[in-house]
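Undergrad: please work out how this folds:
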Amino acid sequence: MPYCTQADLIERFGEAELLALARDETGTAIDTAVVERACDDASGEIDGYVSAAGYTVPLANVTRIITAYACDIARYRLYDEQASEQVQKRYDDAVKFLVRVANGTVKLGISTGSAASSVGNVQMNTSRRVFSGGGF
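TA: Predicted structure coming up:
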């Protein structure tokens, strides 16, 4: 599940901007597939950074700051090569934040998953034979 949605982008940046960035073939509606791809790409970028800090991805509890930065990243991706200074700066700020998360100087306030359960761990004991070669 992506960390931002088309509705989040519209709420933050307005429907007119999103329509200008992701117009469907009719020219009158937002191409939801294009927007979903940008949101998925933004989420993947975020996952790369937060997993380096030990968080289990995708994040189960998405904080407001992650949604905000996911919107900034998705918007930047929708602008492609035509990003304004403001769009570029917001993207750069998102990446700076994520780098701080990755190196541990900023915490997200959620569990990293590093205290994971030991269920499924393998233990080896080479001192006794468990199977014999004698067939069934």
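Undergrad: quick one: the helices in the chain?
TA: Assigned by DSSP state H, the helices in the chain fall at 6-13, 15-21, 32-52, 64-79, 85-102.
Undergrad: contact partners for the residue nearest to K107 when sequence neighbours are not counted?
TA: Using Cβ to Cβ, 6 or more residues apart in numbering and skipping residues adjacent in sequence, the residue nearest K107 is V101, 7.6 Å away. The C-beta positions use only the backbone N, C-alpha and C, and glycine is treated the same way. For V101, the contact set (Cβ atoms under 8 Å, 6 or more residues apart in numbering) comprises Y49, V50, A53, K107, L108.
Undergrad: check the residue lying closest to the second one once chain neighbours are set aside and give its pLDDT.
TA: Excluding the flanking residues, the one nearest V50 by Cβ to Cβ, 6+ apart is V101, at 5.7 Å. Per-residue confidence (pLDDT) for V101: 96.
Undergrad: for A22, see how far away V101 is.
TA: 28 Å (Cβ to Cβ, to the nearest Å).
Undergrad: gap between R75 and Q6?
TA: Counting by Cβ to Cβ, the gap from R75 to Q6 is 12 Å.
Undergrad: cool, and E25?
TA: Distance, E25 to Q6, using Cβ to Cβ: 17 Å.
Undergrad: show me which of those two is the more surrounded one.
TA: Using other Cβ atoms under 10 Å as the criterion, E25 and Q6 rank with Q6 on top: 20 against 7.
Undergrad: centroid residue for this protein?
TA: S43 (2.4 Å; Cα atoms, centre = their mean).
Undergrad: now do that residue, the pLDDT please.
TA: Looking at S43, the pLDDT reads 98.
Undergrad: renumber starting at 33 from here on
TA: Fine by me, first position is 33 from now on; the one you just mentioned is S75.
Undergrad: ok, now which ones touch A85?
TA: Per Cβ under 8 Å, 6+ apart, neighbours of A85: V133, A134, N135, G136, L140, T144.
Undergrad: can you put the residues you listed in JSON lines and add distance to D124?
TA: Converted to JSON lines, these look like this (distance: Cβ to Cβ, whole Å):
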{"residue": "V133", "distance to D124": "15"}
{"residue": "A134", "distance to D124": "15"}
{"residue": "N135", "distance to D124": "17"}
{"residue": "G136", "distance to D124": "20"}
{"residue": "L140", "distance to D124": "20"}
{"residue": "T144", "distance to D124": "25"}
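Undergrad: cool, thanks, signing off.
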